[in-house]
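> sharing a model prediction with you, sequence too.
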Amino acid sequence: MKIRHHLLAVFLIITLLVTSGCSASGSSAASATTSDDTWTVLFYMCGTDLESDSATEPGGSYNLREITKTTPTDNVHFIVETGGCKEWHAKDLGLDISTDKLQRYSYTKEGFELVDEQPGASMGDSKTLSDFISWGKENYPADKYMLVMWDHGSGVHGLLSDELFPNQSGNPSMLTLNEWEQALKDGGVNFELILTDCCLMANLETAQMLAPYARYLVASEEVFPGKGSASDMWMQYLCSSPGSDGLKVGRLICDTTQQKYKDLHDDFTSETLTLSVIDLSKIDAVAKAFDNMFKEIGGMLTDLTTFHEVAYYTSLADTFSYGDMTTGMVDLTDFANKAYLGTLSEKAMLDITNTVADCVVYQVKGTEHSYAGGLSFYRYTDVCGTNRLERYGSTCRSAPYLAYIDAIADEWEAPDWVYDEVDHFTVSEDFKVPTATAGQKEDGTFYADFENEECLISVGYNLKSFDANNSVWLDLGYSFNVNYDEANGMATMAFDGKWVGLNGEPVNLDLANETNESVSFNIPIVLKYSDSSTQETRIREQFQYARNENNEIVSTALSDGRWITLGYWFRYENGQGIPSRAQYPVYSLAGNTAQVAYPVYEADGTYRETFTDIFGNKNLQTEPIIFNLVD
């Protein structure tokens, strides 16, 4: 049985059968077009905190400035609608953008011109978007139409985050996939190309929804940087070559955006960037392969050994949102390939990889996502929370997958229509919650002794340090150097008293992503600027395993490998799980000082036991071991 050796120090953390769980490639084929074609580009810009937050560079204004670098032609109309933002920073462009009205600007050879105003309304409302689309078609008719959605994205959970119109929970209102579909239906335009200048939108569920309304989709599997796509480059190309189709324009968007961040010396974005051109006419074949794969995986739930292999390998599949698993997005191709390493059939794996490769007609990707195929899907685990399943149940179109989630999720049932198409999946009675007893040997080695260990897929440890001055525990995060003895169900942690530090202080290691070559962490810090202001942020560190001259891994110890600082980013916490697009290269830290920040736990409530069932529906921890570290 295979166990992932994830280390975490004073508390053993056991992840159980997780049942949910730079290069460019693609075709250059394009349909015939004429050089005198006309285009209308509808740019739906919901500014939100990406524009208004004074601690970050205004992203909306940045892209508007890029637009002014282009030389428009009569063949292409560029129309921008602005809203959803408390403060705009574009007066240097001659734009006094209102915060209490929706405004529509045309960009011509004379610059931006205000051509229409509407009363203030939420850009997360389907009617606001549909009105813009139908108005654009009526006033700027063209041979081809393009829609740009600019703002935050949260994968299958929706996009846009209008900060002027909060929802009932007090969070910015958000456009769900179902509401987006209604807007496209009511808007009455069939788009040649849709660009989501947002995070996490290159997924199966979004592509299925968009297929009746557009020919091509350009989107990112990963968090998309706040400075957006290379608007000036692809817009100028479109003006110069209006005969191009959506595929050619999409390729230009991918290539020029990748080059943009290389020119900005932004290693963080270059390492993590993903962009795909998706042929929406081919998404149905992917959906069929997806259904068949989860019919097969769902059938494995009756057998512990068979399912364990798939659960173990798919837990290593490429994830997005910088490791924040609450969004649940995982690469579909890598998931299928990892499942095949377990017990998924070759046919099911090839059906996924071949149909995705046929549908994703072009992509660019950084080295941190070298296994990504260009299309993700929502993999449910308890980390995502069952509160999102009601919405997902109304969005997902795969009956086998919803039946699979129904079988493994606590307190959630699939919609009735699911079982008109498939039977319920049955979970084996052999699945049991593992238990563990932790201790410390005479030689100082920490260990955990497991029962029901056949249901484990990973073991690690978590380290906390007691701050005596404030009587709180400081979370130092996770490590992964664990030795597991399958025969005896025993895990030992090779903690040598060393930990990663900043300015002489140990840091919190928040595990973000794991590949065969490296592990990435987000490290929370507080930046102190020259004007004495402060800002919480996270440094992104990549830890590369120590290797010998034959490129074989010889050690996973934190003190043996190579650490690379990629950059830093501001996480957007608004209760909706939307990741921040505010990410910056490491050189922009110059001249500022950094102080370590920790998640803090009160002394009387730190060590309560929690458990994770075999499908990852809860967290399982041992009782803590408290010890003194002697210099």
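Happy to help now that I have it.
> low-confidence regions, the stretch 201-350 of the chain specifically.
In the predicted model of the stretch 201-350 of the chain, residues 322-326 satisfy pLDDT under 70.
> which parts of it are strands?
Using DSSP state E, counting those that start in this stretch, the strands of the stretch 201-350 of the chain run over 214-219, 274-279, 329-331.
> looking at these, which is closest to M174?
Checking the strands of the stretch 201-350 of the chain against M174 by CB to CB gives strand 329-331 as the closest, at 16.2 Å. C-betas here are computed from N, CA, C, even on glycine.
> mind giving me the packing neighbours of that closest one?
strand 376-378 (3 or more CB pairs under 8 Å, 6 or more residues apart in numbering; DSSP states H and E).
> so which bits of the following helix or strand past the strand it packs on are buried?
The helix or strand immediately downstream of strand 376-378 is helix 389-395, counting by DSSP states H and E. Of the residues in helix 389-395, 389, 392-393, 395 count as buried by neighbour count, 16 or more other CB atoms under 10 Å.
> between these, which is nearest V277?
Nearest to V277 among these, counting by CB to CB, is T395 at 22.9 Å.
> the closest one reaches E205, doesn't it?
Yes: at 5.8 Å, T395 and E205 qualify as touching, with contact defined as CB atoms under 8 Å.
> anything in contact with each of these two?
Common neighbours of T395 and E205, using CB atoms under 8 Å, 6 or more residues apart in numbering, are 156, 177.
> now the helices for the stretch 51-200 of the chain?
59-67, 126-139, 177-187 (DSSP state H, counting those that start in this stretch).
> of all the ones you listed, which one is nearest G567?
G567 sits nearest to helix 59-67 of all those, at 15.6 Å, using CB to CB.
> look at T73 and say how many residues are nearby.
T73 has 16 neighbours, counted by other CB atoms under 10 Å.
> mind listing what it touches?
So T73 contacts 239-240, 242 (CB under 8 Å, 6+ apart).
> and those residues, which is closest to V526?
Proximity of these to V526 (CB to CB) peaks at C239, which lies at 44.9 Å.
> coming back round to it: need the buried residues of helix 389-395 in CSV with distance to G111 and pLDDT, can you?
As requested, those are exported to CSV (distance: CB to CB, whole Å; pLDDT from 0 to 100):
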residue, distance to G111, pLDDT
L389, 48, 87
Y392, 44, 92
G393, 47, 92
T395, 40, 94
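> okay, the residues you listed in TSV with distance to N469 next?
Output for these, formatted as TSV (distance: CB to CB, whole Å):
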residue	distance to N469
L389	43
Y392	45
G393	48
T395	49
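> now stretch 164-177, how far from the centre of its chain.
Between the centre of stretch 164-177 and the centre of its chain there are 20 Å (CA atoms, centre = their mean, to the nearest Å).
> can you list the residues that contact that stretch?
48, 83-86, 99, 120-126, 129, 154, 156-163, 183, 205-206, 209, 391, 395, 574-576, 578.
> so how far is S370 from T333?
Distance, T333 to S370, by CB to CB, to the nearest Å: 12 Å.
> who's more crowded, these two?
Between T333 and S370, counting by other CB under 10 Å, T333 is the more crowded of the two (24 against 14).
> now tabulate the strands of the stretch 201-350 of the chain in TSV and tack on mean neighbour count and distance to K288.
Shown next, in TSV, are these (neighbours: other CB atoms under 10 Å; distance: least, CB to CB, whole Å):
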stretch	mean neighbour count	distance to K288
strand 214-219	26	19
strand 274-279	27	15
strand 329-331	28	19
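> where in this protein is the helix or strand with the lowest mean pLDDT?
Sorting the helices and strands of the chain by mean pLDDT, DSSP states H and E puts strand 11-16 at the bottom, at a mean of 40.
> how about the helices of the stretch 51-200 of the chain, which one is nearest I539?
Closest to I539 of these, according to CB to CB: helix 59-67, at 20.5 Å.
> how far off centre is that closest one?
In terms of CA atoms, centre = their mean, the centre of helix 59-67 is found 23 Å from the chain centre.
> try stretch 420-440
That offset, for stretch 420-440, works out to 27 Å (CA atoms, centre = their mean).
> likewise stretch 199-209?
With CA atoms, centre = their mean, you get 12 Å for stretch 199-209.
> first-to-last residue distance for that stretch?
Length of stretch 199-209, first residue to last, CA to CA, to the nearest Å: 17 Å.
> quick check: buried residues in it?
Residues 199-209 are the ones in stretch 199-209 that count as buried (16+ other CB under 10 Å).
> I'd like these laid out as JSON lines, including distance to I67.
Shown next, in JSON lines, are the buried residues of stretch 199-209 (distance: CB to CB, whole Å):
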{"residue": "C199", "distance to I67": "21"}
{"residue": "L200", "distance to I67": "24"}
{"residue": "M201", "distance to I67": "21"}
{"residue": "A202", "distance to I67": "24"}
{"residue": "N203", "distance to I67": "28"}
{"residue": "L204", "distance to I67": "31"}
{"residue": "E205", "distance to I67": "30"}
{"residue": "T206", "distance to I67": "25"}
{"residue": "A207", "distance to I67": "27"}
{"residue": "Q208", "distance to I67": "31"}
{"residue": "M209", "distance to I67": "28"}
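> most widely separated two among those?
Applying CB to CB across the buried residues of stretch 199-209, the maximum distance is between C199 and Q208, 19.0 Å.
> burial check on the closest residue to F466 other than its chain neighbours, number of neighbours?
Spatial nearest neighbour of F466, excluding adjacent residues (CB to CB, 6 or more residues apart in numbering): W473 at 5.7 Å. By the criterion of other CB under 10 Å, W473 has 22 neighbours.
> correct me, but W473 touches D467?
Yes: W473 is within contact range of D467, at 7.3 Å (criterion: CB under 8 Å).
> and stretch 458-477, how far from the chain's centre?
That offset, for stretch 458-477, works out to 27 Å (CA atoms, centre = their mean).
> that one - what's its average pLDDT?
What stretch 458-477 shows for mean pLDDT is 80.
> measure it end to end?
End-to-end distance (CA to CA), stretch 458-477: 16 Å.
> likewise for stretch 459-476?
17 Å.
> kindly report the same for stretch 381-394.
Using CA to CA, one end of stretch 381-394 lies 18 Å from the other.
> list the contacts for V249?
Contacts of V249 (CB under 8 Å, 6+ apart): 146, 193, 234, 237-238.
> from S398, how far out is it?
Distance from V249 to S398, by CB to CB: 30 Å.
> circling back: ranking the helices of the stretch 51-200 of the chain by burial, who's on top?
helix 59-67 (a mean of 22; mean count of other CB atoms under 10 Å).
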